[in-house]
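[1] attaching a predicted model along with its sequence, questions to come.
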Amino acid sequence: MKRVRHLELQSLPTRLADRWRQLDNLAPYGDAKEAVLCLLDWFYSQPRRAYHTWEHLAQCFAEYDDYRRATGAAKSDAIELAVWFHDAIYEPTRDQSEEDSAALARCCLVAFDCRKALVAKVCRLILTTKHEKVVTDPDERLMCDLDLSSLGESWGRFVRNAARIRSEYTHVPAESFRAARCEMLQKFLDRGHIYQSAYFHRKYEAAARANLQRYIAEAACPTGRTSYTSRTRGARGYRFVR
C-alpha cells in the first residue's frame, strides 16, 4: 500500500486530523484527502477568525460523539462530513458563506467519487446551518443543534463566544451589531424550541434560553421588530448568531 505523506498543518489539533484521516468513505484517496485537510486547515486557521475556528468544530464533534453515546445512534457519514465543511468558507461581509461552504464540499466530495445522494445530503445539511427556518428531517435537526450547542454553555463561555463573534465583525458599528444580533437571538427565543432534537432540547434548551434572555436584557436591546429598522440598516444581511 502506498504510504500517504502527511502535509504540514497550521493549527489543526492532532485529534481532529486523526478523525479526518479515519474517514472510511474517503480512504482510497490518501494524498488527495490529505490535501483537502490542508485546505480546510487554511480556511479554519485564518487569523481574522475568532469563533469560527477549529475550536468550534471540535465542540461540534464532541457534542456529536456525546449524542451518539447517549442515544446509541449510528455514525452518519453525511453529518460527519457536513460538520467538517459547514464553516469552511466564512466571510462576514457577505451572506452566502453556507452556500459557498456547500459548494466547496460538493467540489471535494465529487472529486472523491462519493455517492451523489451523500454529496447532496452533505450540502443540504450545511445549508441548514443558516438557521432560517425550523426543519423536520432528523439529521437536519441534529446538524442545527450541533451548530448551536454553544448557546447552552455556561454564561461565562457564552459571553466569551459572543465577544469572539463580535471581533469577526469589526466592520459593523457597535450599535448596529448589538441590535442586529439581539434581533437574531430574539427570533430563536420566539420559536417553540431553540433545539430541534429531543436530546439537545433536554440538554441545553433551558440554559440557552436563559443565556439569550440575559444577553438581550444586558445589551438593552429593543424587542419590537419595527424598532430595529434604522439601527440595523447597515448590518442587514450579516449573521451574528453562531
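    Yep, that arrived.
[2] separation between His52 and Ile89?
    His52 sits 10 Å away from Ile89, going by CB to CB, to the nearest Å. The C-beta positions use only the backbone N, C-alpha and C, and glycine is treated the same way.
[3] so those two - more neighbours on which side?
    Taking neighbours as other CB atoms under 10 Å, His52 and Ile89 compare with His52 leading, 23 against 20.
[4] right, and that one touches Tyr90 too?
    Yes: counting by CB atoms under 8 Å, Tyr90 is a contact partner of His52 at 4.7 Å.
[5] where in the protein is pLDDT low?
    1-10, 27-28, 220-242 (pLDDT under 70).
[6] which helix of it spans the most residues?
    In the chain, taking DSSP state H as the definition, the longest helix is helix 198-218.
[7] okay, that helix in CSV with CA atoms only?
    Presented in CSV, the C-alpha positions along helix 198-218 are these (Å, rounded to 0.1, in the frame of the first residue of the first chain):
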residue,chain,number,x,y,z
ALA,A,198,-35.1,15.7,21.8
TYR,A,199,-31.6,15.1,23.1
PHE,A,200,-30.3,18.6,22.7
HIS,A,201,-33.6,20.1,23.9
ARG,A,202,-33.2,18.3,27.2
LYS,A,203,-29.5,19.1,27.5
TYR,A,204,-29.4,22.8,26.6
GLU,A,205,-32.8,24.4,26.0
ALA,A,206,-33.2,25.9,29.4
ALA,A,207,-29.7,27.2,29.7
ALA,A,208,-29.7,28.6,26.1
ARG,A,209,-33.0,30.5,26.8
ALA,A,210,-31.6,31.9,30.0
ASN,A,211,-28.4,33.0,28.2
LEU,A,212,-30.2,34.6,25.3
GLN,A,213,-32.6,36.4,27.6
ARG,A,214,-29.8,37.7,29.8
TYR,A,215,-27.7,38.8,26.8
ILE,A,216,-30.7,40.8,25.3
ALA,A,217,-31.5,42.3,28.6
GLU,A,218,-27.9,43.3,29.4
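[8] list the buried residues of stretch 190-204.
    Neighbour-count burial for stretch 190-204, counted by 16 or more other CB atoms under 10 Å, picks out His193, Ile194, Tyr195, Gln196, Ser197, Tyr199, Phe200, His201, Lys203, Tyr204.
[9] got a list of what Pro138 touches?
    Applying CB atoms under 8 Å, 6 or more residues apart in numbering to Pro138 gives the contacts Ser197.
[10] now it: how far from Asp145?
    Between Pro138 and Asp145 the distance is 11 Å, computed by CB to CB.
[11] shared neighbours of the two, anything?
    Ser197.
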